[in-house]
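>>> Requesting a structural model of the entry that follows:
(2 chains)
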Amino acid sequence: MSEAILVGDNLTKMFDKLTVVKGASIAVQKGEFVALVGKSGCGKTTLLSILSGLERPTSGRVRIAGKEISGASEDELALFRRENVGFIFQSFNLIPTLSAWENTALPLFPVRMTEAERRRRATEILDRMELGHRVDHLPAALSGGEKQRVAIARALINNPKIVFADEPTGNLDTATGDAIMAIVNRLHREQGMTLLMVTHEPELAKTAERVIRMQDGEVLS
Amino acid sequence: MNLHYVFHELTHQKRRTVMAVIGLSIGIALLVILNALSLAYHEAARAPLKEIGADITVQRPGNVPEDLAGAVFPCSAVTIRKDEIEQIKKVFGVQGTGTAVLLWVFEPNRAWIVLGIERENPIGPSILKNFVVEGRYLEEEKPEALVESAYARQFGIKPGDSVSIAGRQFPVVGLVDASHAAKIAVANLYLPLSEAQAIAAASKTLQSVSPFALGDVNLLFIRADQEKITSVASALKGILGNKVAVATPDSFLKLLGSFFAVSDKFTLVASLIAILIAVLIAFKTMAGNVAERAREIGVLKAVGWTNRNVTLQLLAESVVQCFIAGFLGLLIAYAAAFALGFMTVNIPIPWEMSPTPHFLPGGGAAVYKTLRLPVHIPISLALFAVLLSVVIGGLTGALLGRHISKIKPSEVLRHE
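Reported below is the predicted structural model:
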């Protein structure tokens, strides 16, 4: 773990006069699993948005896989996210009108490739998520755990350099949450997936290799 | 743009899609049917002239002699000189002419309406040759006559009989059912043009009010370039004087009295309203759709869709939806056109165009050309309607897509 895949340097984010993130600096090594913890409202989700390129910082710089993204345009950021970043959201954020495989393949829709190739790649990942039998099901026909597994599959379809997870078990019961975390841990262990996870649950944070704490917009450790 | 995604969105949100498609299709159907109706009335207005192979008829009004005896001209049609006809033939837009001489002939015991016709000229009343019900049609350069079948029945005239007109004898060679041929320049007796001209030229009564030479006529039929009918009609007034009566499809259209017939502006305004309705429905539906999907669009952008990708996707959805609506609107319009095709329309024929002395039976009766409204949708109108739907869909999708694609994913995904 000698190479920093993600570097946030002295990041500040202000909404009007409210400073949500205050001079935060953070580095995540390639293959590392880091948990970002803190109380609700401490700015961790905003920091995650800045680090993943969803949000621009008011000041400071972000570098992912050696590329400076702080000054990139909206479309440049979108293309960068498509090729380098995966997201797992608390409320899954699946498209209700698309089947499991289509949701998984969502980042590939704008990419020039055949429908068959998209389906093959999505099905392959869903198989790994033990959802091979649910590929044609709509989200409404899936359980909460299955939905989150589809969301994980979507995050992985582009072989991202880093995956950002925001409270990935927040909408799941304990057993299902544990199962999802087992999958995340397996992916990290077996495939060396780099992961930055935001959570407010100390138990969940313990599964990470390193924990970064936030309080009132500042990174403490 | 992903077509799977487009069709999933449209089929999954069935109610929204169906409402939008129905609303838009009604707007498109209205637009098409209004224009088809306008075209139908225009075509109907052409019918009275079309059946005598002309686009314009010309008559010069004049005086009737005080003493109605022998051959006279009706007051609505006095002499049009040969040199005037030669000038008219040179008017830009005139493609051909036909002539006739219409006479009222008052015999001591009978009155005749006599029409002298050019035997073979397709512009004018020679259409009668297709309506011979007994005997034969007129032959070249022979002083012979055709009698209208109802008139012949009334007076017991048969082919083989002879009739006396202004002191000249004409063998009756056939009977014609003129009522099915045309409503303009209808007569009781049909003669070769040269014979009618000779009768007119020899009539002192007629000459006393309207000098007439052999070669002159009193009815003129013109076939003209469709685009130049108005300018030809205007040129005719320059040659024959402002009092000349010029009948064109437009003058019949005015007689119809329909909103569609009276004013192209009505059709234009109604069409614009229909288009506006269609645009508003498309915009409102799409705006609602986009507003509901702000979060979904945030997700698309988060996973790497560019603004252009999002805009194209929404544009495709809008175009497909509007294309379906346009196609459905066209089907509705075709069904409406079929139903409206059963409507009949009565086109009044001015007395002056087929003058009968008022003191004769039926002389003052109104004459109508009755026909089914020829409602059809030209392929150009159908294509325009579908194209318009697609353009409405494209503009709406592009406008709203462009607007919503600027959404920041972090803003819509933050409040989980």
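>>> what's downstream of the strand or helix carrying B:Leu39, the next helix or strand?
Per DSSP states H and E, B:Leu39 falls inside helix B:14-50. Downstream of helix B:14-50, the first helix or strand assigned by DSSP H and E is strand B:56-59.
>>> Show the subsequent helix or strand relative to that following strand.
Moving toward the C-terminus from strand B:56-59, the next element (DSSP H and E) is strand B:70-72.
>>> Tell me the buried residues in that next one?
Across strand B:70-72, burial judged by 16 or more other CB atoms under 10 Å in any protein chain shown covers B:Gly70, B:Ala71, B:Val72. From N, CA and C alone the C-beta is placed, and that goes for glycine too.
>>> Same check on stretch A:187-196?
Within stretch A:187-196, the residues that qualify as buried are A:Leu187, A:His188, A:Met193, A:Thr194, A:Leu195, A:Leu196, counting by 16+ other CB under 10 Å.
>>> What about A:Lys206, how many residues nearby?
The tally of other residues near A:Lys206 (other CB atoms under 10 Å in any protein chain shown) stands at 9.
>>> does the spatially most central residue of chain A sit in a helix or strand, and which one?
For chain A, A:Phe164 is the residue whose C-alpha lies nearest the centre (CA atoms, centre = their mean; 2.2 Å). Take DSSP H and E as the rule and A:Phe164 turns out to sit in strand A:162-166.
>>> If I take whichever helix or strand comes after that strand and strand A:162-166, what angle do their directions form?
Using DSSP H and E, the next helix or strand after strand A:162-166 towards the C-terminus is helix A:174-191. Per axes from the mean of the first three to the mean of the last three CA atoms, to 10 degrees, the angle that helix A:174-191 makes with strand A:162-166 is 170 degrees.
>>> Is any residue of helix A:174-191 near chain B?
No. Helix A:174-191 is not in contact with chain B by CB under 8 Å from any CB of the partner chain; minimum separation 15.5 Å.
>>> May I have that helix exported as PDB, CA atoms only?
Taking Å, rounded to 0.1, in the frame of the first residue of the first chain, the C-alpha atoms of helix A:174-191 are listed here in PDB:
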ATOM      1  CA  THR A 174     -29.100  -6.100  10.300                       C
ATOM      2  CA  ALA A 175     -28.900  -9.500   8.700                       C
ATOM      3  CA  THR A 176     -29.200  -8.200   5.200                       C
ATOM      4  CA  GLY A 177     -26.700  -5.400   6.000                       C
ATOM      5  CA  ASP A 178     -24.200  -8.000   7.300                       C
ATOM      6  CA  ALA A 179     -24.600 -10.000   4.100                       C
ATOM      7  CA  ILE A 180     -23.900  -6.900   2.000                       C
ATOM      8  CA  MET A 181     -20.900  -6.100   4.000                       C
ATOM      9  CA  ALA A 182     -19.700  -9.600   3.600                       C
ATOM     10  CA  ILE A 183     -19.800  -9.100  -0.200                       C
ATOM     11  CA  VAL A 184     -18.000  -5.800   0.100                       C
ATOM     12  CA  ASN A 185     -15.300  -7.300   2.200                       C
ATOM     13  CA  ARG A 186     -14.900 -10.300  -0.100                       C
ATOM     14  CA  LEU A 187     -14.500  -7.900  -3.100                       C
ATOM     15  CA  HIS A 188     -11.900  -6.000  -1.200                       C
ATOM     16  CA  ARG A 189     -10.000  -9.100  -0.100                       C
ATOM     17  CA  GLU A 190     -10.200 -11.100  -3.300                       C
ATOM     18  CA  GLN A 191     -10.000  -8.400  -5.900                       C
END
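>>> quick one: average confidence on it?
The average pLDDT within helix A:174-191 is 85.
>>> circling back: tell me the one of the buried residues of stretch A:187-196 nearest chain B?
Each of the buried residues of stretch A:187-196 was scored against chain B by CB to the nearest CB, and A:Leu196 proved nearest at 15.0 Å.
>>> next one: phi and psi at the closest one?
Listed backbone geometry of A:Leu196 is phi -120, psi 120, with angles given as degrees, to the nearest 10.
>>> Output the below-cut-off pLDDT ranges for the chain.
In the absence of a named chain, chain A is used. Across chain A, the ranges flagged by pLDDT under 70 are A:1-2, A:221.
>>> actually it's chain B I care about, not the one you picked
Using pLDDT under 70, chain B drops low at B:257-264, B:358-365, B:414-416.
>>> how much space between the closest residue to chain A within it and A:Thr114?
Proximity of chain B to chain A (CB to the nearest CB) peaks at B:Gly304, 2.3 Å away. According to CB to CB, to the nearest Å, B:Gly304 stands 19 Å off from A:Thr114.
>>> B:Thr344 too?
For B:Thr344 relative to A:Thr114 (CB to CB), the value is 59 Å.
>>> coming back round to it: any residue of the strand holding A:Phe164 up close to chain B?
Yes. Under the criterion of CB under 8 Å from any CB, chain B is reached by strand A:162-166 at A:Asp166.
>>> Mind listing the strands that strand pairs with, and their directions?
Sheet pairing of strand A:162-166 (DSSP bridges) gives strand A:85-88 (parallel), strand A:195-199 (parallel).
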